[in-house]
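1. Return atomic coordinates for the entry below.
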Amino acid sequence: MSMPAFPDPKTILTRDEAVNAILISIALEETALSHILNAEGEKIQRALENVHQHSDLQRVLEVNQSVAAMLEQITDMQLVLTNKLHKALRCIPKAADGAPSGNPVQKPRPPCPPCPGRPCAHQR
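-> Numbering: from 1, shown residues only. Got it, this is the predicted structure:
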């Protein structure tokens, strides 16, 4: 995975561009956290594969404490990211129906060819 490219800090962004940049940064942080979680799971698996004597059990307990501390940090980060997401979403203007107004407009379908000899099911 390559490093993300962010705009130059001196670049003036529109409100929509800024909100998009914030949402992208949240997604990137979530991806990073998923990689950390995966690594912690692999750490536990390796520790459990090597349990053969009492001293190995002590090592497993140490790994468990390390993983628990990391999970606590990830949980804290999730709360920060959730808060950041909610604040970013409040910056998206709403349409009269309550949906975000920045949604892309769906393009109309191209006309389908006529269905010979029967009513066209595509036109419904």
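2. Distance of the most centrally placed residue in the chain relative to G41?
-> In the chain, the C-alpha nearest the mean C-alpha coordinate belongs to A27, at 3.9 Å (C-alpha atoms, centre = their mean). Computed as C-beta to C-beta, to the nearest Å, the A27 to G41 distance reads 21 Å. Every C-beta, even on glycine, is put in place using the N, C-alpha and C of the backbone.
3. same thing with L89?
-> 30 Å.
4. tell me which residues of the lengthiest helix in the chain are tucked away?
-> For the chain, the helix with the greatest residue count under DSSP state H is helix 54-90. By 16 or more other C-beta atoms under 10 Å, the buried positions in helix 54-90 come out as 63, 67, 81, 88.
5. centre of the chain versus that helix, how much separation?
-> Relative to the centre of its chain, helix 54-90 is centred 17 Å away, using C-alpha atoms, centre = their mean, to the nearest Å.
6. swap in stretch 39-58?
-> For stretch 39-58, the distance to the chain centre is 30 Å (C-alpha atoms, centre = their mean).
7. Would you mind listing the outside residues contacting it?
-> 59-60, 63-64, 66-67, 70-71 (C-beta atoms under 8 Å, 6 or more residues apart in numbering).
8. So what's the model's average confidence on it?
-> For stretch 39-58, mean pLDDT rounds to 86.
9. what comes up buried for that stretch?
-> 40, 47.
10. Just the terminal-to-terminal distance for that stretch.
-> 20 Å (C-alpha to C-alpha, to the nearest Å).
11. Could I get the average pLDDT for stretch 73-89?
-> Stretch 73-89 comes out at a mean pLDDT of 96.
12. Alpha carbons of it, as PDB, please.
-> Coordinates of the C-alpha atoms in stretch 73-89 are reproduced here as PDB (Å, rounded to 0.1, in the frame of the first residue of the first chain):
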ATOM      1  CA  GLN A  73      -5.600   2.200  22.600                       C
ATOM      2  CA  ILE A  74      -7.500   1.200  19.400                       C
ATOM      3  CA  THR A  75     -10.800   1.500  21.200                       C
ATOM      4  CA  ASP A  76      -9.900   5.000  22.300                       C
ATOM      5  CA  MET A  77      -8.900   5.900  18.700                       C
ATOM      6  CA  GLN A  78     -12.200   4.500  17.400                       C
ATOM      7  CA  LEU A  79     -14.100   6.900  19.700                       C
ATOM      8  CA  VAL A  80     -12.000   9.800  18.400                       C
ATOM      9  CA  LEU A  81     -12.600   8.700  14.800                       C
ATOM     10  CA  THR A  82     -16.400   8.300  15.400                       C
ATOM     11  CA  ASN A  83     -16.500  11.800  16.900                       C
ATOM     12  CA  LYS A  84     -14.500  13.200  13.900                       C
ATOM     13  CA  LEU A  85     -16.900  11.400  11.500                       C
ATOM     14  CA  HIS A  86     -20.000  12.800  13.200                       C
ATOM     15  CA  LYS A  87     -18.600  16.300  13.100                       C
ATOM     16  CA  ALA A  88     -17.600  16.000   9.400                       C
ATOM     17  CA  LEU A  89     -21.100  14.700   8.500                       C
END
